[in-house]
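Q: With the input below, show me the fold.
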Amino acid sequence: MTLKELYQDIDKLIDKKVKLQGWIRSQRKQKDFGFIDFSDGSCHKHMQIVYESSLKNFDEINSFHFGSAIEVEGNLVKSEGSGQDYEIKAKKLIVIGDCDDDYPIQPKRHTREFLREVAHLRPRTNLFQAVFRIRSVAAHAIHTYFQDNGYIYVNTPLLTTADCEGSDQMFKVTTLDMDNLPKKDGNCDFSKDLFKQKTFITGSGQLHGEAFALAFNKIYTFGPTFRTENSNTKTHANEFWMIEPEIAFCDLNQLMDIEEDMLKFVVNYVLDKCSEEIEFLNKFVDKTLKEKLTKLVKSKFNRITHEEAIKLLKEAKVKWEFEPEYGEDIAKEHEKYLTEYFNGPVFVYNWPKDIKAWYMKLDDDKKNALAVDLEVPGVGELMGGSERETDINILKERCKELNVDTDPIEWFLDLRRFGGCVHSGFGLGFERLIMYLTGVDNIRDVIPFPRTPSSCDF
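A: So this is what the prediction gives:
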């Protein structure tokens, strides 16, 4: 039996014999009895185990180490002490796996920086138990939303020749001997490589997703992506997970409706399924978390153009570190101001084409891209999407303007010749979503083993 199963049937199991397997989280020893704080990872709740000197191995139990894996058999009873409603009176208590004295996760508060150094052990702490359980539930919520709304789940390739985000942002893959590269005309001869051409680890599943959207109408991808960006901010990592829906017969306004509906569904799902974890995080991480998430579910997201956003920022009586300018991107401080000004999430759409990707549809004036970013309180940009350019000639012109090699994406251009239609899509960084759902402000603390510049441990 797991603790989760026990708590689900707690009233039926009072005064009944139960058997549990899990770990010692802490222990208080007395002369004739002792208390063990027990957890098995199946739920956020722990269980107090009481053992008495009448047990044959009482002295041995008193010497059990923190972190040891144990098995306990005993009766579940209502607790007479404070701090818990129930406890187990142990009849049998044995060690399954001992724990060395130098176990780093002692029963005290540890900094998150220290816990990153023992990422293989940090899931045993209360904080990371809450974070990664929410991560699991949020992933299920995402699949549930799209499956219930008629989307097809597509597994796009991790190895690709398609340059979506810019080859300078993508990791290169090769089987060539880096100490003895074959050369042709002074350059590396990739015809000698396994795939006979330059190959990358994907930075986005979007291009392949579009191919399936124009066959299945509505699709989504959910998987790892990789970027070479040398950024040490709290919101960037070199390996992260992305959710990327692509929808046929969908324009920019419809896309914003879908983004809002999906985010509200996921947040509400987590609030419902992870109430204990949310309460814990609300108490120890962000005292506004529960209020913020509840408010989002009930709110109507605001929508402003990029031009309107810049005008608003310029008129604000704020001394900016980076002055907002028309035609340029907005900084973190601007994102923060916009969400505070609107007191909630805000869509910023119709961005200057020069700072957006080559595949985004342009407006009639060819000045702006029909692109949208969703800014949310505490995280900033959470989603980014656009209508996709459907005119093959305009798409080729944009590729030429931005020096995008069209040879590896001829198949993608074909989609505009063979039954193309208006279609749109967005990308949602899963880790940034988890940051928003947990109040944890560093991406390194919401992914099991973070990959960031100068750090690829474990």
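
Q: Now the residue lying farthest from the centre of the chain. Its backbone dihedrals?
A: The centre of the chain is farthest from one residue, residue 54, which by Cα atoms, centre = their mean lies 49.0 Å away. Backbone torsions for residue 54, taken as degrees, to the nearest 10, come to phi -70, psi -20.

Q: for the one 5 residues further on, same thing?
A: Reported as degrees, to the nearest 10, the phi and psi values for residue 59 are phi -60, psi -40.

Q: Can you list the buried residues in the strand or helix carrying residue 267?
A: Following DSSP states H and E, one finds residue 267 within helix 252-273. Residues of helix 252-273 classed as buried: 252, 255-256, 258-260, 262-271, 273 (neighbour count, 16 or more other Cβ atoms under 10 Å). Yep, even glycine has a C-beta here, placed from its N, CA and C like the rest.

Q: which secondary structure elements does it contact?
A: Where contact means 3 or more Cβ pairs under 8 Å, 6 or more residues apart in numbering; DSSP states H and E, helix 252-273 is packed against helix 126-148, strand 239-248, helix 289-298, strand 346-352, strand 368-376, strand 380-387, strand 423-429, helix 430-438.

Q: Could you save those as a markdown table and add columns showing mean pLDDT and mean neighbour count?
A: Converted to a markdown table, these look like this (pLDDT from 0 to 100; neighbours: other Cβ atoms under 10 Å):
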| stretch | mean pLDDT | mean neighbour count |
| --- | --- | --- |
| helix 126-148 | 98 | 18 |
| strand 239-248 | 97 | 22 |
| helix 289-298 | 94 | 16 |
| strand 346-352 | 97 | 22 |
| strand 368-376 | 96 | 24 |
| strand 380-387 | 94 | 22 |
| strand 423-429 | 97 | 24 |
| helix 430-438 | 96 | 24 |
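
Q: what about residue 99, distance to residue 8?
A: Residue 99 sits 29 Å away from residue 8, going by Cβ to Cβ, to the nearest Å.

Q: quick one: which of these two has more around it?
A: Neighbours per residue (other Cβ atoms under 10 Å) separate residue 99 from residue 8, with residue 99 holding more: 16 against 12.

Q: Helix, strand, or coil at that one?
A: Per DSSP: H, G, I helix; E, B strand; the rest coil, the secondary structure class of residue 99 is coil.

Q: Near the nearest residue to it once chain neighbours are set aside, how many residues? Count them for me, please.
A: Nearest non-adjacent residue to residue 99, counting by Cβ to Cβ, 6 or more residues apart in numbering: residue 67, 3.6 Å away. When neighbours are defined as other Cβ under 10 Å, residue 67 has 20 of them.

Q: Which residues does whichever helix or strand residue 4 is part of contact?
A: Residue 4 belongs to helix 3-8 when assigned by DSSP H and E. Helix 3-8 has contacts (Cβ atoms under 8 Å, 6 or more residues apart in numbering) with 13, 18, 20, 22, 38-40, 42-43, 45-47, 76.

Q: re earlier: model confidence at the residue farthest from the centre of the chain, what's the number?
A: Looking at residue 54, its pLDDT stands at 93.

Q: What separation do you get for it and residue 93?
A: From residue 54 to residue 93 the distance is 12 Å (Cβ to Cβ).

Q: Please spell out which residues along the helix holding residue 4 are buried.
A: Neighbour-count burial for helix 3-8 flags 3, 6, 7 (criterion: 16+ other Cβ under 10 Å).

Q: Then stretch 60-78?
A: Buried-residue list, stretch 60-78, by 16+ other Cβ under 10 Å: 61, 64, 66, 67, 68, 70, 72, 74, 76.

Q: Could you report the pLDDT at the third one?
A: In other words, residue 66. pLDDT, read off for residue 66, is 92.

Q: Hmm, residue 101 and it touching each other?
A: No. Contact criterion Cβ atoms under 8 Å: residue 66 and residue 101 do not qualify, at 9.1 Å.

Q: Surely residue 215 forms part of a helix?
A: Yes. Under three-state DSSP, residue 215 falls within a helix.

Q: distance of it from residue 196?
A: Distance, residue 215 to residue 196, using Cβ to Cβ: 27 Å.

Q: Also residue 171?
A: Using Cβ to Cβ, one obtains 19 Å as the distance from residue 171 to residue 196.

Q: which one of those two has more residues nearby?
A: Remark: of residue 171 and residue 196, residue 171 carries more neighbours, 15 against 11, as counted by other Cβ under 10 Å.

Q: nearest residue to that one other than its sequence neighbours?
A: In space, residue 171 is closest to residue 201, 4.2 Å off (Cβ to Cβ, 6+ apart).

Q: Mind listing the residues bridging to that neighbour?
A: Note on residue 201: beta-bridge partners residue 159, judged by DSSP bridges.

Q: Please work out how many residues are found near it.
A: Look at residue 201: counted by other Cβ under 10 Å, it has 18 neighbours.
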